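[1] Just to be clear, the model below is a prediction. Sequence and coordinates:
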Amino acid sequence: LKLQFLYLIGRVVPVAHTVGYRGSEMTPAKDASVGGASDSVPAPPGMGFLMKVCIAVAVLGGFIYGYDLGVLVGVLPDIVAEFALSSWEEGFVVGLASWGGIIGAILGGYIADRYGRRRCMMLQCLCFMVGACVQASAESVAVFGVGRVVTGVGFSLSTLSNLAWISEIVPSRVRGQCVAMYELSVTAGVFFAFVINKADPSWRWAIGASGIIAAVEAMLLALVPESPVWLLLRGQLDEAQRVFAYLRFTRDHVDECTRLAGAASDEEEQGTDTVGSAPRDTGFAAAVRRWWVPFVVVLTIQALGLMTGGVNIRVYAISIMRDDFGLSKSTAGSVGILLGVVKVVFTLFSVMTLDRFGRKVFYKVGMGLLLVANAFIAAGAVPMGCRGDETCATGSNNATAVPDCATCPALCGQCPTWSIVLVVTGCVLGYAAYQLSFGPVNFALGSELFPPAVRARFLGTQYVTQAVFQLITTTFFPVLWSEMGLSFTMMIHTVFCAGGIAFVAYAMVETSHKSPTDILHELNVLWGQVEAAAIPTGPDADAAMQQPVPPREVGGTTVSVQSIEETPA
């Protein structure tokens, strides 16, 4: 079936027909060389059609991630009503996916490094399918919670495997854009979910649909090969050569992958990992000791990103409008579609300009905009301040109480227009700000800071941090909202926004178009770990990148661009 599918593609797009794919083997056609060029067909200047197809399949996990997030935003009030959840229980159920994310991140880094990125992607699809089925069929909140945990495991595996695979297989000049495509896929999933929410389906069908999408991705993964860098790290030179031919790599692209594998060999010399064999137990600890500065930077930014309010705006925006401002389900659904459009537009802007403006600029602009968004919501919520008050009805928590219109005007239809405008504007700005900062940039940053030999485990630790702080903020947000009021809660987030801007401005360097070793050196200089040394820039840096890659010992085999090209297909 795989061969027939590739044959049909090849009838339309000849570049995809130059190879056949059988299981784990890629067999080039007679006229396809390893570098991706033939005597009659010149090598394409950019990524080939089949590589773009593989990247599209790889980021489909992000679509499922975004779809689940978006659906939960719309159906959360219905789930709270069906299971009669209190504020504490509501926050706990939302946070269960983060518990699953912690489990998946702890295991996923090891799985991706030991067994390969592609196998980890298959496991991710299985988690999405099982989690969706359990949630959709749940008759109690306990069973529903189990489904959320399994889905959360899929979230972390998706982030780890997809980002590691993409960052190792695409050219460095477009790595930021391609990694940001994962966030664009998440955004597309959120927007699609908001459209589904507007149609007002049963929450069980809406959540269960993610399992169907995961099954489609599992079938399409048959087209996706293993990461060639991971294969080189395991000494599987023949398999790596077949991937180069299958995806029609140019000579420069093969050179770049060999450099990445060579950097991993250097890590072995530093005692961080074993190249060409299973990772040593001490490898990751040694890598943390050498790369502790970028490790602290990425974890701090990850933590600040979760405490600045962007995630809570994404998760609870619809609940805020329905519970505190009395918007109908239909009206809130329309606002949700608007938020989805904003998310798509600003994600597209980020993908197209991330490599041009750099990561630091996006972080500072995004967090500054998020600070304004939090302030708008806090100002608009000043007349409310009544969620959870025993004197007025709020959703399912106290549905039979008689509302006190002086304290809770939204429930009596007396909510000031200016407050609704401020809150909706704040939510729109919050969605835009998140897509200009922590959405796409976190994915790119984590995949750039660390060498490929330990990249998946570093990404796993990054996701553990994300899951822990997401668990904290999403669990306690409904409680603070209920006990302290929405205005006070959002003002807390503004403090973290200010701290995040200061940290990025004074403790982070730009990472665009740089190798992990260069970034490590600049961070060590900035943090005072080493004295400033001459770092090649401009023409000198370009000249250094054009130097031939020296042969490396990888898995007992001497690997070089020349040896890869001379190896028979």
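    Arrived safely, thanks for sending. Residues are numbered from 1 along each chain as shown.
[2] where does the stretch 451-569 of the chain have low pLDDT?
    Along the stretch 451-569 of the chain, segments meeting pLDDT under 70 span 452-453, 531-569.
[3] which secondary structure element contains D238?
    Element membership of D238 [criterion: DSSP states H and E] is helix 237-246.
[4] Which secondary structure elements does that helix sit against?
    If you count contacts as 3 or more C-beta pairs under 8 Å, 6 or more residues apart in numbering; DSSP states H and E, helix 237-246 packs onto strand 19-22, strand 25-28, helix 228-233, helix 251-269, helix 561-566. Bear in mind the C-beta positions are built from the backbone N, C-alpha and C, glycine included.
[5] give me that answer again for 10 Å
    With contacts taken as 3 or more C-beta pairs under 10 Å, 6 or more residues apart in numbering; DSSP states H and E, helix 237-246 sits against strand 19-22, strand 25-28, helix 49-58, helix 228-233, helix 251-269, strand 557-559, helix 561-566.
[6] CA atoms only for stretch 306-320, dumped as PDB, please.
    The C-alpha trace of stretch 306-320 is given here as PDB (Å, rounded to 0.1, in the frame of the first residue of the first chain):
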ATOM      1  CA  LEU A 306       3.200  29.600  32.100                       C
ATOM      2  CA  MET A 307       2.900  32.200  34.900                       C
ATOM      3  CA  THR A 308       2.300  35.200  32.700                       C
ATOM      4  CA  GLY A 309      -1.400  34.400  32.100                       C
ATOM      5  CA  GLY A 310      -1.300  33.400  28.500                       C
ATOM      6  CA  VAL A 311      -2.300  29.800  29.200                       C
ATOM      7  CA  ASN A 312      -5.100  30.700  31.500                       C
ATOM      8  CA  ILE A 313      -6.500  33.100  28.900                       C
ATOM      9  CA  ARG A 314      -6.400  30.300  26.300                       C
ATOM     10  CA  VAL A 315      -8.100  27.800  28.600                       C
ATOM     11  CA  TYR A 316     -10.600  29.900  30.500                       C
ATOM     12  CA  ALA A 317     -11.500  32.700  28.100                       C
ATOM     13  CA  ILE A 318     -14.900  31.200  27.200                       C
ATOM     14  CA  SER A 319     -15.700  30.300  30.800                       C
ATOM     15  CA  ILE A 320     -14.900  33.900  31.900                       C
END
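[7] Give me the distance between that stretch and the centre of its chain.
    Between the centre of stretch 306-320 and the centre of its chain there are 17 Å (C-alpha atoms, centre = their mean, to the nearest Å).
[8] And the average pLDDT for that stretch is what?
    Averaged across stretch 306-320, pLDDT comes to 84.
[9] got any ranges where the stretch 301-450 of the chain has weak pLDDT?
    Low-confidence segments of the stretch 301-450 of the chain (pLDDT under 70): 383-415, 443.
[10] please redo it, this time with the cut-off set to 80
    For the stretch 301-450 of the chain, applying pLDDT under 80 flags the ranges 322-329, 351, 354-355, 382-417, 439-448, 450.
[11] May I see the buried residues of the helix or strand where V495 lies?
    If you go by DSSP H and E, V495 is part of helix 486-507. Across helix 486-507, burial judged by 16 or more other C-beta atoms under 10 Å covers 486-487, 489-494, 496-497, 500-501, 503-504.
[12] got JSON lines for those, with distance to Q466 too?
    Formatted as JSON lines, the buried residues of helix 486-507 follow (distance: C-beta to C-beta, whole Å):
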{"residue": "L486", "distance to Q466": "24"}
{"residue": "S487", "distance to Q466": "27"}
{"residue": "T489", "distance to Q466": "21"}
{"residue": "M490", "distance to Q466": "21"}
{"residue": "M491", "distance to Q466": "23"}
{"residue": "I492", "distance to Q466": "19"}
{"residue": "H493", "distance to Q466": "17"}
{"residue": "T494", "distance to Q466": "21"}
{"residue": "F496", "distance to Q466": "15"}
{"residue": "C497", "distance to Q466": "17"}
{"residue": "G500", "distance to Q466": "14"}
{"residue": "I501", "distance to Q466": "19"}
{"residue": "F503", "distance to Q466": "16"}
{"residue": "V504", "distance to Q466": "17"}
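[13] Now tell me which of the helices and strands packed on helix 237-246 the model trusts least on average.
    When those are ranked by mean pLDDT, strand 19-22 comes last with a mean of 34.
[14] Can you identify each of the helices in the stretch 251-400 of the chain by residue range?
    For the stretch 251-400 of the chain, the helices defined by DSSP state H, counting those that start in this stretch occupy 251-269, 283-290, 292-307, 310-323, 329-357, 359-380.
[15] Ok, which of those helices comes nearest V146?
    Nearest of those to V146, taken as C-beta to C-beta: helix 310-323 at 20.0 Å.
[16] Can you check what angle separates that closest one from helix 359-380?
    Relative orientation of helix 310-323 versus helix 359-380 (axes from the mean of the first three to the mean of the last three C-alpha atoms, to 10 degrees): 20 degrees.
[17] which other helices and strands contact helix 310-323?
    Helix 310-323 sits against helix 60-83, helix 87-115, helix 175-198, helix 329-357, helix 359-380, helix 417-435, helix 455-484, helix 486-507, with contacts defined as 3+ C-beta pairs under 10 Å, 6+ apart.
[18] picking up where we left off before, generate a markdown table for the helices of the stretch 251-400 of the chain, with mean neighbour count and distance to A432 as supplementary columns.
    Listed next are these as a markdown table, based on neighbours: other C-beta atoms under 10 Å; distance: least, C-beta to C-beta, whole Å:
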| stretch | mean neighbour count | distance to A432 |
| --- | --- | --- |
| helix 251-269 | 21 | 34 |
| helix 283-290 | 17 | 35 |
| helix 292-307 | 21 | 15 |
| helix 310-323 | 24 | 10 |
| helix 329-357 | 18 | 5 |
| helix 359-380 | 23 | 6 |
